[in-house]
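Chemist: below are the sequence and a predicted model for it; my questions follow.
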Amino acid sequence: MTKKTTQKIKGIAILIMIAHHFLVYDFGADFSNAWVGIGSNFKICVGIYAVLSGYGYFFAKEKTLTYGLKKSWGLLQEYWISLFTLFIPFAMVEGGWKLTIKSLVINLFALGPNLNWNAWYVYFFIFCVLVMPFVSKIFKFHPVINIGMAVGVPFVIEVVIHELVPNYQEITILQVMFSCMLYFGVFLAGYLMAKYNLIKKLQMTWFLGLLCMIGAIVLRVMLRHINMFGFNTDVFYAPVFVIGAAKFFEGVPVKFTKVFDVLGKYSTGMWFFHAVFFATYVKDIFQPVMLLVKPRLLMYVWLVVLSLVGAVIYRKILDGIKLLPKLLKG
């Protein structure tokens, strides 16, 4: 799977994520319970990102802490731009949020509770790239054993935290660890997909790939009521979706998928920016802009456009900041 294909899949994932929040958050649209139920299952987007992150990590030239810190710093820069230009100032001025050393540290790394709950993936990604230099060395056994460890060990740790510390949600470090374990198996699934070259080995048409994408979401919706005792079934659904999406983009002419290139390029910024329309402390300021368009479908499209524009502005600001040292030296 090429970087270009990965970028396009991120483009689909961000559309699913925005649809997820659009359908499940209360902003007066009054969606039916059926639509809210479908929207809640669009959270597969997080699993898709986790698979792509794990897949990409396999191809890192050096699986070291230095590499992990470099990748973490790259993500934090983009997150902090949104934090310091939008969330903190508007939350303080209009939302009544109080800035303290503790609240600042919590928000710098998107720990809970924070101003942008949708940014919790920040600490999850940092966790993954910092532990993978050690974890990646474990997968030296038969594929079945490796897959079993990747899926089973994070779930066992998750269960141990849940059972031994019932109030773990009130303890930041345990809440963070629980959330990381919830998706770490999905991240590892992506890593093993790359290790075993699964996407290249599986032969299918673009149409079958499309069916895999649709099927992964449909199955997730249809089987949502089955009690899995906290097990994250995205470890199965998300890889199927990613494989299908890869085959879809490999088979469809590039001219028909250019929009996903753009969305994928700015997907991280869109992830952070679209949260201003739903986050507790700032939504009252930004939500009226989203509500300017009344038909729900068009409102969703409008929300995507707003998020893309915001992400482009973020990128320009960040690029400008990175140029400052060179300009000052010159």
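Modeler: It's in. Numbers count the residues shown, from 1 in each chain.

Chemist: contacts, neighbours, all on C-alpha from now
Modeler: Fine.

Chemist: centre of the chain to the helix or strand of the chain with the lowest mean pLDDT, how far?
Modeler: Of all helical and strand segments in the chain, the minimum by mean pLDDT, DSSP states H and E falls on helix 33-41, at a mean of 87. Mean C-alpha position of helix 33-41 versus that of the full chain (Cα atoms, centre = their mean, to the nearest Å) differs by 19 Å.

Chemist: check which helices and strands it sits against.
Modeler: When contacts are defined as 3 or more Cα pairs under 8 Å, 6 or more residues apart in numbering; DSSP states H and E, helix 33-41 sits against helix 3-24, helix 206-222.

Chemist: buried residues in the following helix or strand past the shortest one, which are they?
Modeler: Which is helix 206-222. Sequence order places helix 234-251 as the next helix or strand after helix 206-222, per DSSP states H and E. For helix 234-251, the neighbour count (16 or more other Cα atoms under 10 Å) marks 234-250 as buried.

Chemist: grab the most central residue of the chain for me.
Modeler: Geometric centre of the chain, nearest residue: residue 46, 4.1 Å, by Cα atoms, centre = their mean.

Chemist: who does the helix or strand it falls within touch, helix- and strand-wise?
Modeler: Per DSSP H and E: residue 46 is located in helix 44-58. In this structure, helix 44-58 packs against helix 3-24, helix 172-195, helix 234-251, with contacts taken as 3+ Cα pairs under 8 Å, 6+ apart.

Chemist: can I get those helices in JSON lines including mean pLDDT and distance to residue 213?
Modeler: Formatted as JSON lines, these follow (pLDDT from 0 to 100; distance: least, Cα to Cα, whole Å):
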{"stretch": "helix 3-24", "mean pLDDT": "96", "distance to residue 213": "10"}
{"stretch": "helix 172-195", "mean pLDDT": "96", "distance to residue 213": "16"}
{"stretch": "helix 234-251", "mean pLDDT": "97", "distance to residue 213": "4"}
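
Chemist: so residue 287 sits against residue 280, correct?
Modeler: No - contact criterion Cα atoms under 8 Å: residue 287 and residue 280 do not qualify, at 10.8 Å.

Chemist: show the low-confidence segments of this structure, by residue range.
Modeler: The model of the chain has pLDDT under 70 over residues 28-29, 95, 227, 326-330.

Chemist: again, only using 80
Modeler: Along the chain, the model assigns pLDDT under 80 to residues 26-30, 94-96, 112-113, 224-229, 324-330.

Chemist: how many degrees apart are the top helix by length along it and helix 3-24 in direction?
Modeler: Criterion DSSP state H: the longest helix present in the chain is helix 296-329. Here helix 296-329 runs at an angle of 130 degrees relative to helix 3-24 (axes from the mean of the first three to the mean of the last three Cα atoms, to 10 degrees).

Chemist: packing partners for helix 296-329?
Modeler: In terms of contacts (3+ Cα pairs under 8 Å, 6+ apart), helix 296-329 is packed against helix 3-24, helix 65-82, helix 267-273, helix 283-290.

Chemist: looking at the ones you listed, which is buried most?
Modeler: Of all those, helix 267-273 carries the top mean neighbour count, a mean of 24, counting by mean count of other Cα atoms under 10 Å.

Chemist: off-centre distance for stretch 94-111?
Modeler: On the basis of Cα atoms, centre = their mean, stretch 94-111 sits 21 Å off its chain's mean C-alpha point.

Chemist: list the buried residues in that stretch.
Modeler: For stretch 94-111, by 16+ other Cα under 10 Å, it's 95, 97, 103, 106, 107, 108, 109, 110, 111.

Chemist: just the endpoints, please. Distance across that stretch?
Modeler: Start to finish, the residues bounding stretch 94-111 are 22 Å apart (Cα to Cα, to the nearest Å).

Chemist: same question, stretch 78-90
Modeler: Counting by Cα to Cα, you get 18 Å between the two ends of stretch 78-90.

Chemist: what lies in contact with that stretch?
Modeler: 107-108, 115-116, 119, 122, 268-269, 272-273, 276, 281-282, 314-315, 317-318 (Cα atoms under 8 Å, 6 or more residues apart in numbering).

Chemist: return the angle between stretch directions for the longest helix of the chain and helix 283-290.
Modeler: Orientation note: helix 296-329 sits at an angle of 110 degrees relative to helix 283-290 (the same axes, to 10 degrees).

Chemist: next, count neighbours for the closest residue to residue 68 other than its chain neighbours.
Modeler: Of all residues not flanking residue 68 in the chain, residue 129 sits nearest, at 4.7 Å (Cα to Cα, 6 or more residues apart in numbering). For residue 129, the count of nearby residues is 24 (other Cα atoms under 10 Å).
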